[in-house]
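**Q** coords below, sequence missing:
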Ligand code: GLY
């Protein structure tokens, strides 16, 4: 079994790449937890919860199932989860298990971070975005009307158990959604990964392992997102505007689809500003098409700019965005919001 050790401030953890879930039982037994709380959603519950409940039968497994979808990541469900742990007499010697995609990982992790001022939790991610990105790095949160992930914490898991074979059961759109963050990793850090993606994937396990190494690099260098880790936001400023326009429900545009458009537009703007190597936009569009991801949107530019101007990070009409020097190399640059309008209009024509 292959593994990675991620260093986190005072709390390092192991990522195991497995082909079944028995190692969860081994981890729980070795650590001596008394009780386990599996938190999952309705889709993943049907597929994997019984198997994990049975592996953990010696450790009093409990299970809480939330509706699937971004709307689940709300403060009411955070409180419901914390109260459920209290009503089942969980203590700090017990364990929370986040079984699912990014929504479940963020919600269950925040429940664990806040219950009794912190109870251990592990991540068992079941989607591409969760396996390649969100289960690593300790960001946990719920959404509030003022913005996605604005109520949260840094709270690293004790263990991450990744079974890439479960990705086979993902619906097509969910798989494409996750590939956007994988393509992003290639764009900002790993030109070889980007080339491999351009040729097409035949080994999902290898792709997941490589993406975990990339995420490890960023979170070990900058756990609290004050510098290098910000490069992971490539494409995200515009993406958040697109998602806000569509009500953040993940239906018309998923997060990954919005990031895909954001990356293409940023590459185009970078080329027009002369800071991004010529041809980068075309390469990104080609790879996005290959994974059935969009590279443009019909959202009127004035609407997008309106949302961008409302972004709390905007100062004096200027925002820090991530741009590419070329595929595999990113940097932070100040961008006037009005420049987005100027170049986006040209781009969408
Ligand atoms: N997904 C962005 C980060 O972990 O910083």
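**A** Yep, that arrived. Keep in mind that what you see is a predicted model, and the values were worked out from it rather than measured.

**Q** helices of the stretch 51-200 of the chain, residue ranges please.
**A** 75-87, 102-114, 128-129, 172-188, 191-199 (DSSP state H, counting those that start in this stretch).

**Q** tabulate those (CSV), appending mean pLDDT and mean neighbour count.
**A** C-beta coordinates here come from the backbone N, C-alpha and C atoms, glycine included. Listed next are the helices of the stretch 51-200 of the chain as CSV, based on pLDDT from 0 to 100; neighbours: other Cβ atoms under 10 Å:
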stretch, mean pLDDT, mean neighbour count
helix 75-87, 98, 16
helix 102-114, 98, 27
helix 128-129, 96, 26
helix 172-188, 96, 23
helix 191-199, 97, 16
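
**Q** quick one: which of the ones you listed is nearest the ligand?
**A** Ranking the helices of the stretch 51-200 of the chain by their distance to the ligand (criterion: Cβ to the nearest ligand atom) puts helix 172-188 first, at 7.2 Å.

**Q** check whether the closest one contacts the ligand.
**A** No - counting by Cβ under 6 Å from any ligand atom, the ligand has no neighbours in helix 172-188; the shortest distance is 7.2 Å.

**Q** which helices and strands does that helix pack with?
**A** Here helix 172-188 touches helix 128-129, helix 191-199, helix 204-221, helix 255-273, helix 280-290, strand 318-326, strand 329-336, going by 3 or more Cβ pairs under 8 Å, 6 or more residues apart in numbering; DSSP states H and E.

**Q** residue 161 is nearest to which of these?
**A** Between residue 161 and these, the shortest gap by Cβ to Cβ is with helix 204-221, which sits at 11.9 Å.

**Q** so what's the closest residue in space to residue 109 that isn't next to it in sequence bridging to?
**A** Using Cβ to Cβ, 6 or more residues apart in numbering and skipping the chain neighbours, the partner closest in space to residue 109 is residue 140 (3.2 Å). Residue 140 has the following beta-bridge partners by DSSP bridges: residue 153.

**Q** so residue 140 sits against residue 151, correct?
**A** No - using Cβ atoms under 8 Å, residue 140 is not in contact with residue 151, being 10.0 Å away.

**Q** out of these two, which sits in the busier spot?
**A** Neighbour count, other Cβ atoms under 10 Å: between residue 140 and residue 151, residue 140 has more, with 27 against 16.

**Q** so what's the more buried one up against?
**A** 105, 106, 107, 109, 110, 112, 113, 152, 153, 154, 155 (Cβ atoms under 8 Å, 6 or more residues apart in numbering).

**Q** can you say which of the helices of the stretch 51-200 of the chain is nearest to residue 246?
**A** It's helix 172-188; of the helices of the stretch 51-200 of the chain, that one is closest to residue 246 (Cβ to Cβ) at 14.0 Å.

**Q** now do the closest one against helix 255-273, angle only.
**A** 30 degrees (axes from the mean of the first three to the mean of the last three Cα atoms, to 10 degrees).

**Q** orientation of helix 172-188 relative to strand 318-326 in degrees?
**A** Using the same axes, to 10 degrees: helix 172-188 against strand 318-326 is 80 degrees.

**Q** and for whatever residue of the stretch 51-200 of the chain ends up closest to the ligand, the neighbour number?
**A** At 4.3 Å from the ligand, residue 137 is the closest residue in the stretch 51-200 of the chain, using Cβ to the nearest ligand atom. By other Cβ under 10 Å, the residues close to residue 137 number 22.

**Q** measure the spatially closest residue to it that is not a sequence neighbour to residue 4 for me?
**A** Counting by Cβ to Cβ, 6+ apart, residue 137 lies nearest to residue 219, which is 3.9 Å off, once chain neighbours are set aside. Per Cβ to Cβ, to the nearest Å, residue 219 is found 11 Å from residue 4.

**Q** now do residue 41
**A** Taking Cβ to Cβ, one finds residue 41 at 26 Å from residue 4.
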